[in-house]
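Colleague: structure here, sequence nowhere to be found:
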């Protein structure tokens, strides 16, 4: 783990903000590259005066939007049937992507529509794939960008703060990242449950 952190620190230092954009674009596309090993090391460099924390955050959000937009348009152009077929291939398995994950993301989107592209960015295993059902359904692009920006922005800020404060202490960074992931996952699930209950309640009300 320490070797990987050192490698990413060197990568961020050498390629700077462009490297953050590239890695976060990869993280938000089909390849399951964890954002927690991209933004925090760069934020740690910012705490040492080698980078600017606001540009780190901006680069992280920009990369996330690029990767999510790629998924959105691929899903729109290729269509649901082709994407599901591709998820059953050997390459998809190598990338740790499977049909069940896409189905989970699609079910979330079908239930909650636009808001799912916001909350989905905070849920592990859904984060990278929530753009696909948005593309399947041809969700208005301006709405997609808006909610994706909010979700990606929130997540990037959290990672940047963790890296800035705990970057030199990898054990603390991993601990707080895990705790925050659980908290936000629980919040997202709680919001989804409340939305389902509200939706069912509205259906049960007699017409006026």
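Modeller: Perfect, thanks for sending it. Just so we're clear, the structure is a prediction, and the values are computed from it rather than from any experiment. Residues are numbered from 1 along each chain as shown.
Colleague: use CA for all of it now, contacts and neighbours both
Modeller: Noted.
Colleague: pull the number of nearby residues for the nearest residue to residue 98 once chain neighbours are set aside.
Modeller: Nearest residue to residue 98, sequence neighbours excluded (C-alpha to C-alpha, 6 or more residues apart in numbering): residue 87, at 5.2 Å. Neighbours of residue 87 under the rule other C-alpha atoms under 10 Å: 19.
Colleague: tell me where this structure has strands.
Modeller: Ranges of strands in the chain, per DSSP state E: none exist.
Colleague: and the lowest mean pLDDT element among the helices and strands of it?
Modeller: Ranking every helix and strand in the chain by mean pLDDT, DSSP states H and E puts helix 170-204 at the bottom, with a mean of 57.
Colleague: how much space separates the residue nearest to residue 98 from residue 109?
Modeller: According to C-alpha to C-alpha, to the nearest Å, residue 87 and residue 109 sit 18 Å apart.
Colleague: before we move on, what about residue 136?
Modeller: Residue 136 is 10 Å from residue 109, by C-alpha to C-alpha.
Colleague: and residue 31, what's its pLDDT?
Modeller: Note on residue 31: pLDDT of 67.
Colleague: how about residue 131?
Modeller: Here, the pLDDT recorded for residue 131 equals 90.
Colleague: what sits against the residue nearest to it when sequence neighbours are not counted?
Modeller: Spatially, and ignoring its direct neighbours in sequence, residue 131 is nearest to residue 72 (5.1 Å; C-alpha to C-alpha, 6+ apart). Residue 72 makes contact with 131, 132, 133, 134, 135, 136 under the criterion C-alpha atoms under 8 Å, 6 or more residues apart in numbering.
Colleague: filter those down to the buried ones.
Modeller: Buried residues within these, defined by neighbour count using 16 or more other C-alpha atoms under 10 Å: 131, 132, 133, 134, 135, 136.
Colleague: circling back: farthest pair within the contacts of residue 72?
Modeller: Greatest spatial distance among the contacts of residue 72 (C-alpha to C-alpha): 131 and 136, at 8.8 Å.
Colleague: in the chain, where is pLDDT below threshold?
Modeller: Low-confidence segments of the chain, defined by pLDDT under 70, span residues 1-14, 30-35, 93-96, 124, 167-208.
Colleague: if we go to 90?
Modeller: Along the chain, segments meeting pLDDT under 90 span 1-20, 22-51, 78-130, 137, 150-152, 154-155, 157-208.
Colleague: now the helices for it?
Modeller: Applying DSSP state H to the chain gives helices spanning 2-28, 39-47, 53-78, 80-87, 90-94, 99-112, 116-119, 131-136, 141-166, 170-204.
Colleague: show me what counts as buried in stretch 137-157.
Modeller: Residues of stretch 137-157 classed as buried by neighbour count (16+ other C-alpha under 10 Å): 137-139, 144-145, 147-157.
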